[in-house]
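Student: Sequence below, structure please.
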Amino acid sequence: MADSNDLWHSLNQFTPARIAQGRAGMSQTTRNSLEFQLAHALARDAVNIPLDFVQLEQRINTLGYTTLTLQTQAENQRMYLQRPDLGRLLSESAVRCLQQYPNIQTDAVVVVADGLSSKAIEQHAVPFLNLLLPELQAKAYQLPPVCLIKHGRVAIGDAVADHYAARLCIVLIGERPGLSSPDSMGVYFTYKAKSGISTDADRNCISNIHNNGLSYDLALKKLLFLLNESEKC
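Tutor: Coordinates of the predicted model:
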């Protein structure tokens, strides 16, 4: 008969959850304890290390797309974490910046915000945009520059969509990191978003996009399905 410990360890291949941890006396093993501390440190870094927006902008420009970098009313990371409401509002300088661009009606806006995981956006935003933007162009959608927003929450996309009078609002954002996924990206889609009106109940969320989670191709497939269905309304 197989050792019961071996049965537990064989399950590790199916889940990143912490199972079959083992023990040393009344405590965890040193290895398991260190692995937990590492995972916790990676999650903290994902929240606290700032996203390099200059590099992100350059990478998107290299794909052939224009960008516009904006800031919310959360002036720094501490304020962003303590005041979620400020991460949903554009700063005065961002509003002035948008006003310099024509607010003629567009079909869709694409927003990229750092959110709660800079690592997620650093690793996954550009590869996903490289798949998404050609699909939107193939639909002949009129698109403004991709808006990169510092210290942004999901609802910040509403203000951008409102400015451009866009029917479709797509927000890529770093999700709150877990101990097994510090680099998970979410994509939020809102139809006819409006500043101060849209709520989370009005949005569709495609979550858990990372190397060990939902693939770019499958996430894009889900998003395009939502876009197509919304256009039937």
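Student: can you pull out the helices in this structure?
Tutor: 4-10, 30-48, 53-62, 77-82, 92-99, 118-138, 156-164, 216-231 (DSSP state H).
Student: which residue is nearest the middle of the chain?
Tutor: Closest to where the C-alpha atoms of the chain average out (Cα atoms, centre = their mean) is Ile173, at 1.9 Å.
Student: Touching, Asp107 and Leu143? I think so.
Tutor: Yes: counting by Cβ atoms under 8 Å, Asp107 does reach Leu143; the two are 7.1 Å apart. Any C-beta I mention is one placed from the backbone N, CA and C, and that applies to glycine too.
Student: need the contact list for the spatially closest residue to Gly87 that is not a sequence neighbour.
Tutor: Nearest-residue entry for Gly87: Arg153, 3.8 Å, with adjacent residues in sequence omitted and distances by Cβ to Cβ, 6 or more residues apart in numbering. Neighbouring residues of Arg153 by Cβ atoms under 8 Å, 6 or more residues apart in numbering: 72, 84, 87-88, 113, 115, 173.
Student: burial count for Glu92?
Tutor: 10 (other Cβ atoms under 10 Å).
Student: just Arg23 next, same as before
Tutor: When neighbours are defined as other Cβ under 10 Å, Arg23 has 9 of them.
Student: can you check the one 3 residues further on too?
Tutor: Counted by other Cβ under 10 Å, the residues lying close to Met26 total 5.
Student: mind listing what it touches?
Tutor: If a contact means Cβ under 8 Å, 6+ apart, then Met26 has no contacts.
Student: dump the residue contacts of the residue nearest to the centre of the chain.
Tutor: 112-115, 121, 152-154, 185-188 are the contacts of Ile173 under Cβ under 8 Å, 6+ apart.
Student: do that again at 10 Å, thanks
Tutor: Contacts for Ile173 (Cβ atoms under 10 Å, 6 or more residues apart in numbering) come out as 111-117, 120-121, 125, 149, 152-154, 156-157, 185-188, 205.
Student: How much space separates it from His151?
Tutor: 11 Å (Cβ to Cβ, to the nearest Å).
Student: what is in contact with these two at once?
Tutor: Applying Cβ under 10 Å, 6+ apart, one finds that Ile173 and His151 are jointly contacted by 113-115.
Student: which of those residues count as buried?
Tutor: 113-115 (16 or more other Cβ atoms under 10 Å).
Student: export these to TSV and tack on pLDDT and distance to Arg44?
Tutor: Below are these laid out as TSV (pLDDT from 0 to 100; distance: Cβ to Cβ, whole Å):
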residue	pLDDT	distance to Arg44
Ala113	96	19
Asp114	94	15
Gly115	91	15
